[in-house]
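**Student:** My questions are about this predicted structure, shown below with the sequence.
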Amino acid sequence: MEAKRKNLGRGLSALLGDTAKDYAELDRVRTEKSVPLGQLHPCGFQPRRRFSEAEITELAQSIKEKGILQPLVVRRDQADAATFEIICGERRWRAAQMAQLHEVPVLIKELSDLETLEIALIENVQREDLSALEEAEAYKRLMAEFGHSQDDMAKSIGKSRSHIANLLRLLNLPDAIKEMLDDGRLSAGHGRALLGASEPLKLAAKIIREKLSVRETENLIRQQTAKPSSSGTRKTKDADTIALEKELQDITGLKSDISQKGDGGSLTFHYGSLDQLEGVIKKLTA
């Protein structure tokens, strides 16, 4: 009888134990609860790398006044079942710390690594919280770690295949230019244009210095790469050739140029760095 009283005094931990299996059963019984901030930590599948300090400060003030209105979505940490990985709501968690809250409402989900990455990506994309490179890195991870094709991702994320392909191409840019994209000095449109530049680093500096628009950048690259024909006039390419060039550019990440002469012709790829060239060679020899 005494032993029974002790077990009842210990509560749910006495009934369910302390193993990961027991924690999972607890999650099934009660999936929405409040959890101390110290038991939460960012998830390794979070695609977002940068957080605005000003936005978090503003959110912290709102939390002080109104509390957290939407629970964080979490899952049990597979390495430590007493803690949780944040799938959706890392910004709210950071703001709650700033607001000096002791605990926050959470919704516990049993999710695989693939489901976790997909949900974290979808939430950030829908909120437009990710930079172009953060979104591209997440797509690359879905392809590399989970075998997703661009068509698979287009269906699950709700974005067009061309949108995904264009973002993935940005990963072929030199690291210095990717830093300019990440810190906002260049836009994703500038980055896509620079993929076709013969000297992307030099042109990127010119874009920032002269505050060139994307259209101005594209026109400048077109002028630099244009080669006059022997008669002194440019030969206009037909729509099929232009479409094929774009398809090759989407596949390789490099600007492609098709020149036709009679029944033959030439195919030229323009790369801005050795990293870009090596990336294409790996694709072709894989």
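**Tutor:** Thanks, I have it. Bear in mind that the values here come from a model prediction, so they are computed numbers and not experimental data.
**Student:** hang on, isn't Leu248 packed against Ser256?
**Tutor:** Yes. Using C-beta atoms under 8 Å, Leu248 makes contact with Ser256 at a distance of 4.0 Å. In short, each C-beta sits where N, CA and C put it, glycine included.
**Student:** Give me the common contacts of the two.
**Tutor:** 267, 269 (C-beta atoms under 8 Å, 6 or more residues apart in numbering).
**Student:** count of neighbours near Ala193?
**Tutor:** For Ala193, the number of neighbouring residues by other C-beta atoms under 10 Å comes to 26.
**Student:** Just say helix, strand or coil for Ile208.
**Tutor:** helix (DSSP: H, G, I helix; E, B strand; the rest coil).
**Student:** If you count neighbours, what's buried in stretch 202-210?
**Tutor:** 203-204, 207 (16 or more other C-beta atoms under 10 Å).
**Student:** starting at the chain centroid, how far to that stretch?
**Tutor:** Centroid displacement of stretch 202-210 relative to its chain, using C-alpha atoms, centre = their mean, to the nearest Å, is 26 Å.
**Student:** do stretch 167-178 as well
**Tutor:** 13 Å.
**Student:** and what of stretch 88-102?
**Tutor:** The chain centre lies 22 Å from the centre of stretch 88-102; the measure is C-alpha atoms, centre = their mean.
**Student:** what comes into contact with that stretch?
**Tutor:** Applying C-beta under 8 Å, 6+ apart, the contact partners of stretch 88-102 are 36-37, 40, 42-43, 46, 48, 51, 55-57, 59-64, 68, 70-74, 86, 104, 119-120, 123, 129.
**Student:** Quick one: end-to-end distance for it.
**Tutor:** Using C-alpha to C-alpha, to the nearest Å, the end-to-end distance of stretch 88-102 comes to 19 Å.
**Student:** Could I get the full set of strands for the stretch 51-200 of the chain?
**Tutor:** For the stretch 51-200 of the chain, the strands defined by DSSP state E, counting those that start in this stretch cover 72-76, 84-88, 103-108.
**Student:** Give me the angle between the first one and strand 103-108.
**Tutor:** Our comparison of strand 72-76 with strand 103-108, counting by axes from the mean of the first three to the mean of the last three C-alpha atoms, to 10 degrees, yields an angle of 70 degrees.
**Student:** Strand 72-76 pairs with which strands, and in what direction?
**Tutor:** Its sheet considered, strand 72-76 pairs with strand 84-88 (antiparallel), strand 103-108 (parallel) by DSSP bridges.
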